[in-house]
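Novice: Pasting a predicted model and its sequence here:
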Amino acid sequence: MNRKTTNKTALQEKAGVSKQEATSQQAISNLKKKRQEQPSIDDLLEEIIAGNTAALSRGITLIESQNSAHKDKANKLIQNCLEHRKPSIRIGITGVPGVGKSTFIEALGTYLTGLGKKVAVLAVDPTSRLSKGSILGDKTRMETLVKNPNAFIRPSAAGEALGGVARHTRETITLCETAGYDVILIETVGVGQSETLVHSMVDFFLLLKLSGAGDELQGIKRGIIEMADAIIINKADGNNRTAAKLAKAAFNRALHFYPVKASGWMPKVEVCSAIENKGIDVAWKLITAYITHTKEGGYFSKKRQDQNNFWLLQSIEDQLKDQFFQDETIAKELKTQMALITANKRSPFVAAEYLLNLYKSRV
């Protein structure tokens, strides 16, 4: 092959590569453009009902948006979803950091998809009060489940919401039910005094515990134990098996000192090893036994109705708070009142009453 032919071939190959790069860049540009396009609420709803996970993610992003222009669209989407929701079981899962919530959820989710169920995981990550950032690493921790076509994992930032749940977790549940998910698992930030918010949006509240960490005595305190419908001692593997069994006995004894729940259900205690995938089936049987019990007694539907009423009042509080702090006059006067408090010229209580009266006079 002479030099002229070689140069011609090289130029042709270069042109071919350039053409491929141009095609690839055009494809990327088209994809970005498509993502930026805002579908109508009716189109978005249709895709969510069809089980399109990209549309479901887009719908959740819409309701989580802080942009005031998105609020009406989000409300319309939620309203239109109500008549299309499928029956589901909502399960709240909580426990101290390090108890193995993500590992347990992945094991349970994988087990449930094996039974032919569609599982949605709403994982709430803590938000830094300083940087306002969240890691949102649950998809990384659930490597197997995230690849499962019958599972949907959505990490969200808790923001300033109490109880370890994102502010719009309740609405996200509605979207997931519209998409046809049978089981919705809500992983909270951790155990705290405000876990009542989690309890107020789920059918079954599961508390994960560790043995040999002082939890046996700490757990006997009222509050979180009273809300739990079951306690699972996780990490019952290796040398920890005996300690887990002892912890189970201790919690069982403690639960007998608590009054009977309104549902008539006596909370159960079991052990499992999420990492070894042992005891997961027992946990699910326990959950289904509770659901059957509460449905037969009428408590299941009553609890959901009570939760709807609770979230009506909670929504009113949230919206009033937003409107108050977004008022420009209030925002300006708030700084003045803070300066007076700092200078010891006014008490916080008097300042609060002044600001509230000022707001009432404006509305």
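Specialist: Received it, and whenever you're ready, just let me know what you need. Numbering: from 1, shown residues only.
Novice: Need the phi and psi values for the residue nearest to residue 71 when sequence neighbours are not counted.
Specialist: In space, and not counting its chain neighbours, residue 71 is closest to residue 65: 7.9 Å by Cβ to Cβ, 6 or more residues apart in numbering. The way it works is simple: take the backbone N, C-alpha and C, and place the C-beta from them, glycine included. For residue 65, the backbone dihedrals (degrees, to the nearest 10) come out as phi -60, psi 140.
Novice: which residues does the nearest residue to residue 99 once chain neighbours are set aside bridge with?
Specialist: Distances taken as Cβ to Cβ, 6+ apart put residue 208 closest to residue 99, at 4.6 Å, once the chain neighbours are dropped. Residue 208 has these beta-bridge partners by DSSP bridges: residue 232.
Novice: At which residues are the helices of the stretch 51-200 of the chain located?
Specialist: Applying DSSP state H, counting those that start in this stretch to the stretch 51-200 of the chain gives helices spanning 53-64, 68-81, 101-114, 138-141, 169-178, 196-199.
Novice: so what's the residue most central in space within the chain up against?
Specialist: Residue closest to the average C-alpha location in the chain (Cα atoms, centre = their mean): residue 122, at 3.4 Å. Contacts for residue 122 (Cβ atoms under 8 Å, 6 or more residues apart in numbering) come out as 154, 156, 166, 169, 172-173, 176, 184-187.
Novice: Filter those down to the buried ones and hand me the ChimeraX line.
Specialist: Buried subset of the contacts of residue 122, written as a ChimeraX selection, criterion 16 or more other Cβ atoms under 10 Å:
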select :154,156,166,169,172,173,176,184,185,186,187
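Novice: wait, which of the contacts of residue 122 is closest to residue 359?
Specialist: residue 166 (27.0 Å; Cβ to Cβ).
Novice: Can you read off the pLDDT for that closest one?
Specialist: pLDDT for residue 166: 57.
Novice: Please state the backbone phi and psi of the nearest residue to residue 92 once chain neighbours are set aside?
Specialist: Spatially, and ignoring its direct neighbours in sequence, residue 92 is nearest to residue 202 (3.8 Å; Cβ to Cβ, 6+ apart). With angles defined as degrees, to the nearest 10, residue 202 sits at phi -130, psi 160.
Novice: Give me the neighbour count for the residue nearest to residue 99.
Specialist: Residue 208: 27 surrounding residues under other Cβ atoms under 10 Å.
Novice: For residue 78, see how far away it is.
Specialist: 31 Å (Cβ to Cβ, to the nearest Å).
Novice: likewise residue 260?
Specialist: Relative to residue 78, and taking Cβ to Cβ, residue 260 is found at 36 Å.
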